[in-house]
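*Asks:* mind folding the following:
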Amino acid sequence: MRPTTRPEAFRAHTPAVPQIFALVLSHGPVTRAEIARRAGLSAAAVTKAVRPLVESGHLVEEAGHPVEEAGEEARRSPGRPAGALRVDGGRALFIGIKLTGDTAIAVLTDLCCRIRVARRVPLGDRSPEEVLATTGGLVEELLAEAEGFGVPVRGIGVAVSGDVVRTDGIVRHSPFLGWRDVPLGKLAAAATGLPVTVENDVRALTVAEQWFGAGVGLTDFALVTVGAGIGCGLVVGGRVVSGTHGVAGELGHLPIDPMGPLCHCGNRGCVEAIAADPAIVRDVRARTGVQVADAAEALALAHGGDPEARRVYARAGEAIGRAIGSVVNLLGPERVIISGEGLAAHDLFADRIRDAFLASAFGSAARCDIRTHPLPFEEWARGAAATAIQTFIGSAPRG
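*Replies:* Residues are numbered from 1 along each chain as shown. Model prediction:
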């Protein structure tokens, strides 16, 4: 791995700096007055936090329309146009890597998390050593691409399915990779010389949706992912929730049918044991007698009109809808976003999801906005980059 320069420290001179920067990142261009309103800060606190960010070039002030600003600064300059602040995306670059059971997807993004370059390579061997070697090659490629932009790479984010301890960079357990207690953050940082943030893949995607996607401006929402597994990212009070033990949002292991199929977690009737791709393939084979090879063949059989295959997808949709109803009843989010590679079958189970959700939702919880948002795996890698940006600006969750 090529040597790297020591990462530039973000100029977070006050506790408000990361909060304000994240706000401008997701809502910008935005005036100081709007920042103060959204962040619940005084005009003086905003001015103190913004000044070093403008001086360092991380924030850029644009000419704005005349707007009456509150606070001392406005009183000193009556009638001054209120310049809107935006993040200079070209100030820094980040690498995001999404690991699936058989592929590594990597992206190079700017500070605004816009994808500049994307790469993907197969994972032939899932051992930590081989995966690190493969991803190291991807990082080398993207570092070479970064040289063409003339901007340094300031951090790397890695998104992995399973039980991940972000604060320590440890993958406690990843079923798809077959890993247990792998200190991925430490190993990757030693190999690259860059700060590395390791996060659960669904939580990483939730960060990207919160800052740049369908969750912008919402303080409470949930992201449900459907595909090889069933995941759920939760934003409560404006923060992505991981829980004391790091496993908040394990919607896939919510028991729906106590007499249902055995889940790999050891329980019966979990949502994942009914609605995840492996469960669908299993049930399509059992109900139709057709030995479909994978989820794509199962989907093709259902789209071809096979009634038993279609019943499998209908049952999956019902399980997902009931699970979403439980989330909405417990947390009362404003929106639930459904995403993941499993949305290729959305036409087969969308009505069942909606019907089961409405049957499960209590009272006004049924007013929750349920929407679908298909995202390719490059967006999951972008989520990993978003966590690296979080770490860089110091807005990463604590504990």
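
*Asks:* model confidence score at Ser395, please.
*Replies:* Looking at Ser395, its pLDDT stands at 75.

*Asks:* A strand includes it, no?
*Replies:* No. Per DSSP: H, G, I helix; E, B strand; the rest coil, Ser395 lies outside any strand segment and is coil.

*Asks:* so who does Ile337 touch?
*Replies:* For Ile337, the contact set (Cβ atoms under 8 Å, 6 or more residues apart in numbering) comprises Glu209, Gly213, Ala214, Gly215, Phe221, Ala222, Leu223, Val224, Arg371, Thr372, His373. Any C-beta I mention is one placed from the backbone N, CA and C, and that applies to glycine too.

*Asks:* phi and psi next, for it.
*Replies:* The phi and psi values for Ile337, taken as degrees, to the nearest 10, are phi -100, psi 130.

*Asks:* ok, Cys112 next?
*Replies:* Torsion angles, degrees, to the nearest 10, at Cys112: phi -90, psi 10.

*Asks:* tell me where the chain is predicted with low confidence.
*Replies:* Of all residues in the chain, those with pLDDT under 70 make up the ranges 1-13, 64-82, 396-399.

*Asks:* only C-alpha atoms, please: export stretch 271-280 in PDB.
*Replies:* Coordinates of each C-alpha in stretch 271-280 appear next as PDB, following Å, rounded to 0.1, in the frame of the first residue of the first chain:
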ATOM      1  CA  VAL A 271     -38.900 -12.200   9.200                       C
ATOM      2  CA  GLU A 272     -35.600 -13.200   7.600                       C
ATOM      3  CA  ALA A 273     -36.500 -16.900   7.600                       C
ATOM      4  CA  ILE A 274     -39.600 -16.100   5.600                       C
ATOM      5  CA  ALA A 275     -38.800 -13.000   3.400                       C
ATOM      6  CA  ALA A 276     -35.100 -13.000   2.700                       C
ATOM      7  CA  ASP A 277     -33.800 -14.200  -0.600                       C
ATOM      8  CA  PRO A 278     -32.500 -17.600   0.700                       C
ATOM      9  CA  ALA A 279     -35.800 -18.300   2.400                       C
ATOM     10  CA  ILE A 280     -37.700 -17.400  -0.800                       C
END
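
*Asks:* gap between it and the chain center?
*Replies:* How far stretch 271-280 lies from its chain's middle: 21 Å, per Cα atoms, centre = their mean, to the nearest Å.

*Asks:* repeat that for stretch 25-34.
*Replies:* In terms of Cα atoms, centre = their mean, the centre of stretch 25-34 is set 22 Å apart from its chain centre.

*Asks:* how about stretch 351-358?
*Replies:* The answer for stretch 351-358 is 25 Å, by Cα atoms, centre = their mean.

*Asks:* likewise stretch 16-31?
*Replies:* Distance, centroid of stretch 16-31 to centroid of chain: 19 Å (Cα atoms, centre = their mean).

*Asks:* not counting it itself, show me its contacts.
*Replies:* Contacts of stretch 16-31 (Cβ under 8 Å, 6+ apart): 10-12, 34-35, 38-39, 41, 45-46, 48-50, 52-53, 58-59, 62, 64, 67, 69, 82-87, 111-113, 210-212, 216-217, 389-390, 393-395.

*Asks:* can you select the buried ones among these for me in ChimeraX?
*Replies:* Selection of buried members from the contacts of stretch 16-31 for ChimeraX, criterion 16 or more other Cβ atoms under 10 Å:
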select :10,11,12,34,35,39,41,45,46,48,49,50,52,53,58,59,69,82,83,84,85,86,87,111,112,113,210,211,212,389,390,393,394,395
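
*Asks:* which parts of stretch 347-360 are buried?
*Replies:* Leu348, Phe349, Ala350, Arg352, Ile353, Ala356, Phe357, Ser360.

*Asks:* turn the residues you listed into a markdown table, columns for distance to Ala293 and secondary structure.
*Replies:* Shown next, in a markdown table, are those (distance: Cβ to Cβ, whole Å; DSSP: H, G, I helix; E, B strand; the rest coil):
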| residue | distance to Ala293 | secondary structure |
| --- | --- | --- |
| Leu348 | 19 | helix |
| Phe349 | 21 | helix |
| Ala350 | 25 | helix |
| Arg352 | 25 | helix |
| Ile353 | 26 | helix |
| Ala356 | 29 | helix |
| Phe357 | 32 | helix |
| Ser360 | 34 | helix |
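
*Asks:* can you tell me which of those residues is closest to Gly185?
*Replies:* Of all these, Gly185 sits closest to Ile353, with 35.8 Å by Cβ to Cβ.

*Asks:* did I read that right, Arg282 in a helix?
*Replies:* Yes. Assessed by three-state DSSP, Arg282 belongs to a helix.

*Asks:* show me where the chain has helices.
*Replies:* 16-27, 32-39, 43-56, 72-76, 128-149, 184-192, 201-212, 271-275, 277-288, 295-303, 307-331, 346-360, 377-393 (DSSP state H).
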